[in-house]
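Peer 1: what would the 3D arrangement of this be:
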Amino acid sequence: MKFITAALLFASTLACSSVFSQQAAAGPEIIVSTQKNGTIKGLVTEQESGDPIASASIQIYQDVLDTTSHKVRQLLVGSMISKTDGTFELANLPTPSKLKLVVAVVGHETYQKVFSLT
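Peer 2: Residues are numbered from 1 along each chain as shown. Model (predicted):
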């Protein structure tokens, strides 16, 4: 099975008040700032060749408490298909929040990355 890599090139919010970066072990750098409407930009590539992947399914989930069942559920807060050059950008993401990026491409293993917009 082939593997994909999704690099979060930039995660930000409108009207930044504080900015810092964090480096995940063997992962992309995530730049985070404090505000209400977060935006992330990234690039989906084939892990072995580094070639960009068009038409990858990009989804962002947030854990929320289901008040009826009192269980944590994943709420889809953003989605799109990567462009022909493998790039993607999702805006109006909730902040502060811990989010999960899920990237799916036919013939490749699904990529998942948890990150925070604080």
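
Peer 1: centroid residue for this structure?
Peer 2: For the chain, the residue lying nearest the average C-alpha position, counting by Cα atoms, centre = their mean, turns out to be residue 101 (3.5 Å).

Peer 1: does it touch residue 116 like I think?
Peer 2: No. Using Cβ atoms under 8 Å, residue 101 and residue 116 do not qualify as a contacting pair, with a distance of 11.5 Å. Using the backbone N, CA and C atoms, a C-beta is placed for each residue, glycine as well.

Peer 1: beta partners for residue 103?
Peer 2: The residues listed as beta-bridge partners of residue 103 by DSSP bridges are residue 58, residue 111.

Peer 1: that older thread, so how far is residue 70 from the residue lying closest to the residue nearest to the centre of the chain once chain neighbours are set aside?
Peer 2: Leaving aside its chain neighbours, residue 101 sits nearest to residue 113 (4.6 Å; criterion: Cβ to Cβ, 6 or more residues apart in numbering). Relative to residue 70, residue 113 is positioned 27 Å away (Cβ to Cβ, to the nearest Å).

Peer 1: for the chain, what are the low-confidence residue spans?
Peer 2: Along the chain, the parts satisfying pLDDT under 70 run over 1, 6-36.

Peer 1: what about 90?
Peer 2: Low-confidence segments of the chain, defined by pLDDT under 90, are located at 1-39, 46-50, 64-70, 72, 92, 94-97, 107-108, 115-118.
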